[in-house]
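> Here you go, sequence then predicted model.
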Amino acid sequence: MELTVKNGHLFWDGCDTVDLAKTYGTPLYVFSQSIIEERCQELRRDFVDKYENVRVAYASKAFSTMAMLKIIEKQGFSLEVLSDGELHTALQAGFPVEKIEINGNNKSMVELEMAIDHGVGRIIVDSLQEVDLISAMAQEKNKTVNILFRITPEVNVATHSFISTGQKDSKFGIPINDDILFPQVQKAIEAAGINFLGFHFHVGSQLSDNSAHLGAVDIALDLVKMVKERFDYEISELNFGGGFGVRYTDEDIRQPFAYFLAPMMDKVLAFCEKENYPQPAVVIEPGRSIVAEAGITLHTIGAIKELPGIRKYVSIDGGMTDNIRPGLYDANYTGVLANKADQAAAETVTVSGKACESTDILVKDLELPNVETGDIFATFSTGAYGYSMASNYNKLAIPAVVLVKDGQADLIVKRQSLDQMIQNEVIPESLK
Ligand code: LLP
């Protein structure tokens, strides 16, 4: 990883991270706007500007804040949301509603209603009840709703099983078979208030091999052909989800977007040519690959505990509450001492969080310069699924988020206060 170090301090998008820690306190998420924009530019170059009728819908679950959605909007991208909360964030940020699509294996009536009332661009159907529900709601409201079906492509992926979603035994997607999917397709074609656009899949996350994506594209195209044969219906949109992997440590590879997208598009274009089929719109939903590497987290080192002959624990003022990924997926991270970024490694330590949980270990066996209480530890590649999966376990506050670009820093999320953590709590009269 190329790091910028000045006067011994780690800089991030032109900002001194030690100063940021001082100004905003720790734990602190710091996002480089330039890196986010570079990723978007790469997507435009290798996808949006390269093919006709294709779109990027940023998967906001990776990092959903109003400032982030503004960056995405300025790129001309669409947006994928999964819940009323993600939709609300987008609406409050003024994101163009027709560019929003909503996913989810269990959308509530409230969420469906909210999506239809506001006029979201697409609803991705992922349950067997939804077509009826949407059709009824749409008719009542005198609207037409664009839908796609999320299918289960039944491909196995090389990633942690907790983040693989396209396999046969999955709560996500609708199995492609005669008894389940096809009656739904027929219903969608015929139902009033529904405009059936096509199919969606998402095979899994953090992938550095394109075979699952390519296998799923084949399956989706077979399905497109079957729908044409059975129902004489031509679909107009395919959505291939996200899942493109990033670099957390030197062991990881971040493949260029074109490594996935070029052969996927080749398949679509070849299919259309061979079958004389009008080219459907193609949408992708990257989340992690846009935002992960843009983010770092700053923590202050507190207690240091050396267990002779075993290991040295250096504790930070956050941990699994701001990054649950090591505890949940055994995810590996790396980091540096931001205030000693020019010093050589001098010892091997284990960076542990402060939550009351043995799995709250951020990085195991990391080589660092001599660690002292008060040092600032910067963890890399925490931009995706860090803030968005943060919790208040042990009543630790959700950290602040700062957006940096070319030396300019803006606070985009304030640190949660202690009072905010209990503001919705009520002591019943009987206990007073
Ligand atoms: N579209 C759909 C329908 C998805 O389910 C997901 C992720 C994405 C797009 C975005 O995938 P990405 O490009 O970010 O890989 N919390 C886990 C990741 C769960 C992802 C679930 N779905 C983690 O921290 O690794």
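Cool, the structure landed. Numbering: from 1, shown residues only.
> make it CA atoms for all contacts and neighbour counts henceforth
OK.
> Provide the contact partners of stretch 327-334 at residue level.
With CA atoms under 8 Å, 6 or more residues apart in numbering as the test, stretch 327-334 has contacts from 160, 162, 248-249, 320, 325-326, 359-363, 366, 379-381.
> now swap in stretch 187-199 and tell me
For stretch 187-199, contacts defined as CA under 8 Å, 6+ apart pick out 131-132, 134-136, 138-139, 142-151, 220, 235-239.
> Are it and the ligand in contact anywhere?
No - Stretch 187-199 is not in contact with the ligand by CA under 6 Å from any ligand atom; minimum separation 11.7 Å.
> From start to finish, how long is that stretch in a straight line?
Using CA to CA, to the nearest Å, the end-to-end distance of stretch 187-199 comes out at 15 Å.
> now stretch 66-81
End-to-end distance (CA to CA), stretch 66-81: 13 Å.
> what's next to that stretch, contact-wise?
With CA under 8 Å, 6+ apart as the test, stretch 66-81 has contacts from 37, 40, 55-61, 87, 89-90, 92-93, 95-96, 99-103, 285, 412.
> let's go with 7 Å and repeat that
55-61, 87, 89-90, 93, 95, 99-103, 285, 412 (CA atoms under 7 Å, 6 or more residues apart in numbering).
> can you narrow these to ones near the ligand?
Among the contacts of stretch 66-81, the residues lying close to the ligand (CA under 6 Å from any ligand atom) are A59, E285.
> returning to what we had before: out of the contacts of stretch 327-334, which are inside strands?
Among the contacts of stretch 327-334, the residues falling in strands (DSSP state E) are I361, L362, V363, L366, T379.
> ok, and the most crowded of these?
Greatest neighbour count in those, by other CA atoms under 10 Å, goes to L362: 26 neighbours.
> How about the contacts made by that one?
By CA under 7 Å, 6+ apart, the contact set of L362 is G319, P326, V351, S352, G353.
> partners of the third one in the sheet?
Listed by DSSP bridges, the beta-bridge partners for V351 are V314, V363.
> got a list of what P280 touches?
Counted by CA under 7 Å, 6+ apart, P280 has contacts I235, S236, E237, L238.
> K305 should be in a helix, yeah?
No - secondary structure of K305 (DSSP: H, G, I helix; E, B strand; the rest coil): strand, not part of a helix.
> ok now whichever strand or helix holds V291, how far from the chain's centre?
Assigned by DSSP states H and E, V291 belongs to helix 288-291. Here the centre of helix 288-291 is set off from its chain's centre by 7 Å, with CA atoms, centre = their mean, to the nearest Å.
> So is it next to the ligand?
Yes - between helix 288-291 and the ligand, judged by CA under 6 Å from any ligand atom, the touching residues are R288, S289.
> So which bits of the stretch 251-400 of the chain are right by the ligand?
Selection of the stretch 251-400 of the chain residues close to the ligand by CA under 6 Å from any ligand atom yields E285, P286, G287, R288, S289, R325, Y385.
> Now pLDDT too, for those, in CSV please.
Output for these, formatted as CSV (pLDDT from 0 to 100):
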residue, pLDDT
E285, 98
P286, 98
G287, 98
R288, 98
S289, 98
R325, 98
Y385, 98
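> which residues of the stretch 151-300 of the chain fall in helices?
Under the criterion DSSP state H, counting those that start in this stretch, the stretch 151-300 of the chain contains helices at 181-190, 211-231, 257-275, 288-291.
> In a markdown table, list those helices along with distance to E429.
Output for the helices of the stretch 151-300 of the chain, formatted as a markdown table (distance: least, CA to CA, whole Å):
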| stretch | distance to E429 |
| --- | --- |
| helix 181-190 | 51 |
| helix 211-231 | 57 |
| helix 257-275 | 58 |
| helix 288-291 | 46 |
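> and among those, the most buried is which?
Comparing those by mean neighbour count (mean count of other CA atoms under 10 Å), helix 288-291 ranks first with a mean of 28.
> Now tell me what touches that one from outside.
Contacts of helix 288-291 (CA under 7 Å, 6+ apart): I36, R39, C40, A62, F244, G245, V246, G383, A384.
> circling back to that earlier point, quick one: which of the residues of the stretch 251-400 of the chain next to the ligand has the most company?
In terms of neighbours by other CA under 10 Å, these top out with S289 at 29 neighbours.
> any low-confidence regions in the chain?
1, 157-167 (pLDDT under 70).
> So for it, the centremost residue is which one?
Computing the C-alpha centroid of the chain and ranking residues by CA atoms, centre = their mean puts A62 first, at 2.4 Å.
> ok, that one - contacts?
A62 makes contact with G287, R288, A384, Y385, S388, according to CA under 7 Å, 6+ apart.
> If we use 6 Å, what do you get?
With contact set as CA atoms under 6 Å, 6 or more residues apart in numbering, A62 has these partners: G287, R288, A384, Y385.
> Now do the phi/psi pair for Q408.
Main-chain torsions, Q408, degrees, to the nearest 10: phi -110, psi 130.
> partner residues bridging it?
Legend: beta-bridge partners of Q408 under DSSP bridges are K405.
> cool, L368 as well?
Assessed by DSSP bridges, L368 has beta-bridge partners E347.
> and the spatially closest residue to G335 that is not a sequence neighbour, how far is that from the ligand?
Nearest residue to G335, sequence neighbours excluded (CA to CA, 6 or more residues apart in numbering): T379, at 4.2 Å. Distance of T379 to the ligand, computed by CA to the nearest ligand atom, to the nearest Å: 15 Å.
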